[in-house]
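# sequence first, then the predicted structure:
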Amino acid sequence: MYQYTEFDRQFVKARASQYRDQLTRWQAGQLAEEEFRPLRLQNGWYVQRYAPMLRVAVPYGELSSTQLRVLARIAREFDQPDAALFDGAQAAQDQLGAIPLKNGRSVHSHLSHGYAHFTTRTNVQYNWIPLDRSADVMDLLASVNMHGIQTSGNCIRNITSDELAGIAVDEIADPRPFAEIMRQWSTLHAEFAFLPRKFKIAISGALEDRVASGWYDVGLQLHENAAGELGFRIKVGGGMGRTPIIGSVVREFLPWHQLINYLEAVVRVYNRWGRRDNAWKARIKILVKAEGQRYIDEVEAEYREIVEKDGAPHTITQAELDRVRASFVPPTLQRGDRGNMDAGIAVSADHTAHGPVARSAASWLESVKARHQHLNAKDHIEFGRWLQQNVAAHQNPELCAVTLSFKRLGQAPGDATTSQLELAASLAEQFSAAEARVTHSQNLLLPWVRLDTLPELWQAARKAGLERPNIGLLTDMISCPGGDFCSLANARSLPLAEAISQRYQDLDELHDLGEIDLHISGCINSCGHHHSGHIGILGVDKDGKEWYQVTLGGSDGSAHSGAAMPGKVVGPSFSAAEVPEVVEAVLDTYRNLRIMSHGKHEAFIGTLRRVGVEPFKVAANSARFAAASATKATASPAEQAA
């Protein structure tokens, strides 16, 4: 992990002190609401549907166990709303009604507090902290080198990277030092503090794109040119929202030391010409799409000005890169008794080094299982599934990376209670050199796990309820907070996620269905990344009621999903009650159409690409009528008459 310097520590503490002064003056009436609003936003404080929301920056997803414990303390001591406020919010959500299920049960909004939420951009959010306690929270965060700087506002936001950065077996170069250099460059950048709209950057150093770089304002991918020199492929103008667009490659190769000079040009041209008259057309993707080559030409001209006339002031020197790289040296781990283990992790034939899940060498896997003959048959199966789904290969052949699943019934995707955060901190300390990483899929990854500790880690994660072997499967879904919390949402996301999760709890069925990306957004802002889901669900408002648009075939650009692209809409929107039936109909169609290859079922996205969306579209729209009939049949006479 990056080690904060004394300057870094003092900077964060000074920012927290500055915010306390701003809050105090606002409370005293010395700052008007319109003056205080941009100040709190630039420190991560929103006001949402019922209460303030804090977004805490987690640069490129890395957290220490000490920071996890402080996040747990914030959840326990500060994420505690006034009882009347909370009860009123729950009553208001109850008025939206429950989602009826085929089995006669139903799901509804179940608000909770005293927890943290992992976001798709590897930040952490809280939904109930009273604003009058916000300065105390900022001081507490600063005590462990954390903050909310630039997690909101029209500025350069938190830099995101690959959860396997620095450890991935397909890595060309560790992207974290470059992410840190970009963080330092972009923080409180005076010229870019008030851009036309928010600006997001993702960086990858591996062969596989695990950061969805095509969907970002700027996507950076490290690679080597024919001469073996390190540089970046640069994409600009990607984004979701109302107009989903995949970023365009504006530079196939940029020498690494010119990264910041070039980014200055990219953002400066956007700041100069990006639209400020229409928030829906203010993102850089609209400018790039409208101007095309003219935008690229102006960026190149601006870049030449920076290099030739300004003297390339942001050139990254080798000394600076070495200084930052020194903070990302792998930890020294105590060597354990490897017993009969093989000398390394091999990747299965169906999952190359860049795949989302890697399996251990067969002989080592058998030796691990042999040590646990006392387990009953069910536990043996679950342990094997956990090794398959939750354990990834590592550059160090004695190590692996393990994902803790934060996807389970009764808990919103990505939510972590106080006790879970503390348990995760303990697991990180015991098994992963006191480090964890927030993942794009709203889980936590332990990056430094010794192979010989896997059985013990599985048992410990199991006791903590974080061992669910569903990483990459249907119930490992991405979801935004939706209409239960967000003031922008058109519809709720979380009850829908719960309804689908309830339907697909059988692990045999989940593993038979295989890897499926299901993403849910409560509105067109696409915080749940529905456009990139194999199955995407978008909440829409129709006549003041909650409806949902379903898309199929989206991709984030990973090896499993293929080139980044938005999913295709299957038809008119569905009611909340219909959506679980639509998902079931789509998956039943997949099972009927998939083929076998080398003894394995074709993946969902593979079948969809091969046969096209039409049979799935027919199945989805057929479920619309089946769901409507079922709902009517179970309704009371008065409801049917209505």
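That came in fine, so what should we check first?
# and Ile201, bridged to which residues?
Partner residues in beta bridges with Ile201, using DSSP bridges, are Val218.
# can you offset everything so residue one is 7?
With 7 as the first residue, the last one maps to Ile207.
# list the contacts of it.
Residues near Ile207 by Cβ atoms under 8 Å, 6 or more residues apart in numbering: 162-163, 165-166, 188, 192, 222-226, 269. From N, CA and C alone the C-beta is placed, and that goes for glycine too.
# please apply the same query to Leu45.
Residues in contact with Leu45 (Cβ under 8 Å, 6+ apart) are 25, 28, 37.
# go on, Ile506?
For Ile506, the contacting residues are 480-481, 483, 524, 585-586, 589, by Cβ under 8 Å, 6+ apart.
# tell me the two of those that are most distant?
Based on Cβ to Cβ, the longest span within these runs between Thr481 and Val585 and measures 15.1 Å.
# Phe334 and Gly172 touch, don't they?
Yes. At 6.0 Å, Phe334 and Gly172 qualify as touching, with contact defined as Cβ atoms under 8 Å.
# name the SS class of Lys241, please.
Reducing the assignment at Lys241 to three states with DSSP: H, G, I helix; E, B strand; the rest coil gives strand.
# check the burial of it by counting its neighbours.
Counted with other Cβ atoms under 10 Å, the neighbours of Lys241 add up to 26.
# can you tell me the closest non-neighbouring residue to it?
When the adjacent residues along the chain are set aside, Lys241 lies closest to Gly253, with 3.5 Å between them (Cβ to Cβ, 6 or more residues apart in numbering).
# ok, that neighbour - contacts?
Gly253 makes contacts with 219-225, 241-245, 291, 294, as judged by Cβ under 8 Å, 6+ apart.
# which SS state does the residue nearest the centre of the chain fall under?
Centrality entry for the chain: nearest residue to the mean C-alpha point is Thr126, 1.8 Å, by Cα atoms, centre = their mean. State at Thr126, reduced to three classes by three-state DSSP: coil.
# can you name the residues that contact it?
Under the criterion of Cβ under 8 Å, 6+ apart, the contact list for Thr126 reads 446-448, 484, 486, 533-535.
# now do Ala271
Here Ala271 is in contact with 305-306, 308-309, 311-312 (criterion: Cβ under 8 Å, 6+ apart).
# surely it forms part of a strand?
No. Ala271: not assigned to a strand; according to three-state DSSP it is helix.
# quick check: it vs Leu265, distance?
11 Å (Cβ to Cβ, to the nearest Å).
# just the mean pLDDT for stretch 388-396, thanks.
Per-residue confidence for stretch 388-396 averages out to 94 on the pLDDT scale.
# which parts of that stretch are buried?
Of the residues in stretch 388-396, those scored as buried under the neighbour-count criterion (16 or more other Cβ atoms under 10 Å) are 388-389, 391-396.
# including secondary structure, could those go into TSV?
TSV is the format used below for the buried residues of stretch 388-396 (three-state DSSP):
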residue	secondary structure
Glu388	helix
Phe389	helix
Arg391	helix
Trp392	helix
Leu393	helix
Gln394	helix
Gln395	helix
Asn396	helix
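# and the end-to-end length of stretch 285-295?
Looking at stretch 285-295, the gap from its leading to its trailing residue is 16 Å under the measure Cα to Cα, to the nearest Å.
# can you confirm His525 is in a helix?
No. Assignment of His525 by three-state DSSP gives strand, placing it outside any helix.
# give me the nearest residue to it, chain neighbours excluded.
Nearest residue to His525 in three dimensions, chain neighbours excluded: Gly539, at 3.2 Å (Cβ to Cβ, 6+ apart).
# rewinding a little: pLDDT and distance to Cys529 added to the contacts of Gly253, as TSV?
Formatted as TSV, the entries for these read as follows, by pLDDT from 0 to 100; distance: Cβ to Cβ, whole Å:
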residue	pLDDT	distance to Cys529
Ser219	98	24
Gly220	98	22
Trp221	98	17
Tyr222	98	20
Asp223	98	19
Val224	98	24
Gly225	98	24
Lys241	98	25
Val242	98	25
Gly243	98	22
Gly244	98	19
Gly245	98	15
Lys291	98	18
Val294	98	24
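# helix or strand: which one has Leu260?
According to DSSP states H and E, Leu260 maps onto strand 254-261.
# ok, the closest residue to Gly520 other than its chain neighbours - how many residues close by?
For Gly520, ignoring the flanking residues on the chain, the nearest one in space by Cβ to Cβ, 6+ apart is Ala609 at 5.4 Å. Using other Cβ under 10 Å, the number of residues around Ala609 comes to 20.
# give the contact list for Ala609.
For Ala609, the contact set (Cβ under 8 Å, 6+ apart) comprises 520-521, 566.
# again, only this time at 10 Å
Listed by Cβ atoms under 10 Å, 6 or more residues apart in numbering, the contact partners of Ala609 are 356, 519-522, 540, 566-567, 596, 600, 603, 615.
# may I have the phi/psi pair for His123?
For His123, the backbone dihedrals are phi -130, psi 120 (criterion: degrees, to the nearest 10).
# meant to ask about Asn231, not that
In terms of degrees, to the nearest 10, the main-chain angles of Asn231 are phi -80, psi -180.
# pretty sure it sits against Ile178.
No. Under the criterion of Cβ atoms under 10 Å, Asn231 is not in contact with Ile178, lying 11.5 Å apart.
# what about these two, which has more around it?
Remark: of Asn231 and Ile178, Ile178 carries more neighbours, 15 against 11, as counted by other Cβ under 10 Å.
# so where's the stretch 507-648 of the chain uncertain?
By pLDDT under 70, the weakly predicted segments of the stretch 507-648 of the chain are 631-648.
# and what of the chain?
Answering for the chain: the residues below the bar, that is pLDDT under 70, span 340-381, 631-648.
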